[in-house]
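Student: Here is my input; please provide its structure:
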Amino acid sequence: MGSKLVILLFLLLVLWIPSPSSALDTDASLFVDADVSSGRKIPHTLFGIFFEEINHAGAGGLWAELVKNRGFEAGGPNTPSNIDPWTILGNETYLIVSTDRSSCFERNKIALKMDVLCDHGSAANACPDGGVGISNPGFWGMNIEQGKTYKVVLYVRSNGPINVSVSLTGSDAKTLVASNIVASHVSNWTKMEVLLEAKATDHYSSLQLTTTRKGAIWFDQISVMPLDTYKGHGFRNDLFSMVQDMKPAFIRFPGGCFVEGSWLRSAFRWKETIGPWQERPGHFGDVWNYWTDDGMGHLEFLQLAEDLGALPVWVFNNGISHNDEVSTPNILPFVQEILDGLEFAKGDAESTKWGSLRASLGHPEPFDLRYVAIGNEDCGKPNYLGNYLKFYVAIKQSYPDVKIISNCDATAKPLDHPADLFEYHVYDNANAFFSQSHKFDQISRSGPKVFASEYAVMGDDAGKGSLLAALGEAAFVIGLEKNSDVVEMASYAPLFTNTNHHSLGSITFDSSRMYGTPSYWMQHFFRVSNGATLLNSTLQTSSSNPIVASAISWKSSVDNKNYLRIKVVNFGSSAVALKISISGLKSIDSIGSNIVLTSNNVKDENSFDEPKKVVPFKTPLENVGENMNVVLVPYSLTAFDLSI
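Tutor: Numbering: from 1, shown residues only. Below you'll find the predicted structure:
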């Protein structure tokens, strides 16, 4: 019997809801005041997402570019350089491949040179069948699908005529589609474009550039992009849809430690990531140790937020990395850099320099940028406070409407500097997360708001994304929801992980597949919380019953009806009989729904083979009334939805 069927039968048996008058010994009681006039509005911004260039989340992930190291810059600015993951097709009898600094792009000078020694017309030194050249496997294989069209762009030059085959080749070495570039006059760098419609599917394909003509050929800035990205904006459709399904209110980007760098020379610099992709220098992210061509740059992040209907939250470098810092007297150029970035996002398309540039890049309307974070996890470093204040004053003078986020945690003591919000990061085991469900109950309501911008269960409890981790996090998030008068924003970290560069993430993917971890599905329980009304609720239980609960009222955008949602985490190994008493109702439908996230084993995980091993199950909730007796299955997150 399949595990999902076992769980479903288990739920149907255990989650029996007796009539309101039925007797049932209770372990806990939950009292809910459903009168919205006595409740409190939850911020529209409460639950969002955090995107960091980690685990190949963008390069090789959401950003749909299929070529890895497309400009041959990943090996560094000097020659000879490492061209990995490019490989050579043919041995030194037939060709010599090298790098030089002859590119036409000033900010990325490395180009690849092929000296082809064989010739199709030579009897003595004929090229092998299929020719010789170079191949790129992309990010652990290119996903090429039958019937889809891929745009290949490359820059080429040669001292003589060329005849180059551009092909997408399957993992079995069979050609999926090919086209030839034939040109007589390419002594200067020339841009070539080819559209290739795949005749077959292979999820682990590669790009091959081959020739059988003797001579020297230079290549640079080689790209393969599917035409069917989201709205043509370059985002991989399936991964975008999974994020969109979370209904995030905001997106924090582009890091994280990626913003800082281990050294400032490797920090994310927004001006280096805008403009034509061929002219972006790219950079080595020395915290997460891989190269990115920065195809997903400042404009693309802002566009992603807009496409998701989410507010952008820009985290920028404040002159501090993990290992070096700019002193406060020297920080003003960094401040100006950020003022320029704000103008790029918010400035008028006609009257401002950077707003005009944004318009020239295809987005004349300003982006709705309301939040910025000054640095990431830099509080306590020698120059943080001095640098922070320089940024704070300059931004508030130019953009008084922009809310500024401090790195310093004010849960223990008040901040010694002005801020609209402060960041709280927590990575711990599942038990610690459950205990933090009351973390914000007692903190001051008069200071800056809380941005719980990075939270996740880590270590053995998490594995590669376990039910146990999701339940610990759910208890913490219920605590955030109940304290949303002081908590303005919250996001899980990180969002994505490529299975070939795996740490933790709520969405795991490879070139063609993806699945949500239990933590991903846990976050779905809070999709309707943004802008909802938090209802007054009181939970009475013994310490032996590790449960937490909350109640909200929300209006569905699907059927335009009002709903009451009660969420309960049972973090224990035993079932809990819960009596729910609801007051203040004007009306209630007799049938509701019951959504449960649980599994046979608390350490169960999803995988490519079983992507829905741990996902929410929805069943009808009958005999709904003001008093209900329900049973919470062990290790579960349950949502009761009632139409009111």
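Student: And the top strand by length along the chain, what's buried?
Tutor: When the chain is parsed with DSSP state E, its longest strand is strand 215-226. Counting neighbours by 16 or more other C-beta atoms under 10 Å, one finds that the buried residues in strand 215-226 are Ile217, Trp218, Phe219, Asp220, Gln221, Ile222, Ser223, Val224, Met225, Pro226. Heads up, the C-betas are built off the backbone N, CA and C, glycines and all.
Student: And for stretch 241-250?
Tutor: Neighbour-count burial for stretch 241-250, counted by 16+ other C-beta under 10 Å, picks out Met242, Val243, Met246, Lys247, Pro248, Ala249, Phe250.
Student: Distance from that stretch to the middle of the chain?
Tutor: Relative to its chain's centre, stretch 241-250 lies at 10 Å (C-alpha atoms, centre = their mean, to the nearest Å).
Student: Could you pull up the mean pLDDT of that stretch?
Tutor: The pLDDT scores in stretch 241-250 average 98.
Student: In this protein, mark out all the helices, start to finish.
Tutor: All helices of the chain, identified by DSSP state H, fall at 3-14, 237-244, 257-260, 298-308, 332-346, 353-360, 384-398, 430-435, 467-482, 518-524.
Student: if we compare the ones you listed, which one ends up closest to Leu369?
Tutor: Ranking the helices of the chain by proximity to Leu369 (C-beta to C-beta) places helix 332-346 first, at 4.3 Å.
Student: quick one, what contacts Pro494?
Tutor: By C-beta atoms under 8 Å, 6 or more residues apart in numbering, the contact set of Pro494 is Phe50, Phe51, Glu52, Ile54, Asn55, Ala57, Gly256, Ala456, Ser503, Leu504, Gly505, Ser506.
Student: got the contact list for the fourth one?
Tutor: Okay, so that is Ile54. Ile54 sits next to Gly255, Gly256, Cys257, Phe258, Trp288, Pro494, Phe496, Thr497, Ser503 when contact means C-beta under 8 Å, 6+ apart.
Student: now do the last one
Tutor: When the contact criterion is C-beta under 8 Å, 6+ apart, the partners of Ser506 are Gly465, Tyr492, Pro494, Leu495, Phe496, Gly516, Thr517, Ser519, Tyr520, Gln523.
Student: Quickly note the distance from it to Tyr384.
Tutor: With distances taken as C-beta to C-beta, to the nearest Å, Ser506 is found 29 Å from Tyr384.
Student: same thing with the third one?
Tutor: Here the criterion is C-beta to C-beta. By it, Glu52 lies 20 Å from Tyr384.
Student: what about those two, which has more around it?
Tutor: Applying other C-beta atoms under 10 Å to Glu52 and Tyr384 shows that Glu52 carries more neighbours, namely 27 against 23.
Student: quick one: the residue nearest to that one when sequence neighbours are not counted from Glu306, how far?
Tutor: Excluding its sequence neighbours, the residue lying closest to Glu52 (C-beta to C-beta, 6 or more residues apart in numbering) is Gly256, at 3.5 Å. According to C-beta to C-beta, Gly256 and Glu306 sit 21 Å apart.
Student: follow-up on the earlier one: can I get the contacts of Ile54 in a markdown table with distance to Lys613 and pLDDT?
Tutor: Shown next, in a markdown table, are the contacts of Ile54 (distance: C-beta to C-beta, whole Å; pLDDT from 0 to 100):
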| residue | distance to Lys613 | pLDDT |
| --- | --- | --- |
| Gly255 | 31 | 96 |
| Gly256 | 29 | 96 |
| Cys257 | 31 | 97 |
| Phe258 | 31 | 97 |
| Trp288 | 28 | 96 |
| Pro494 | 22 | 96 |
| Phe496 | 20 | 98 |
| Thr497 | 17 | 97 |
| Ser503 | 21 | 79 |
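Student: Between those, which sits nearest Ala34?
Tutor: So of these, ranked by how close each gets to Ala34 (C-beta to C-beta), first place is Pro494, at 37.0 Å.
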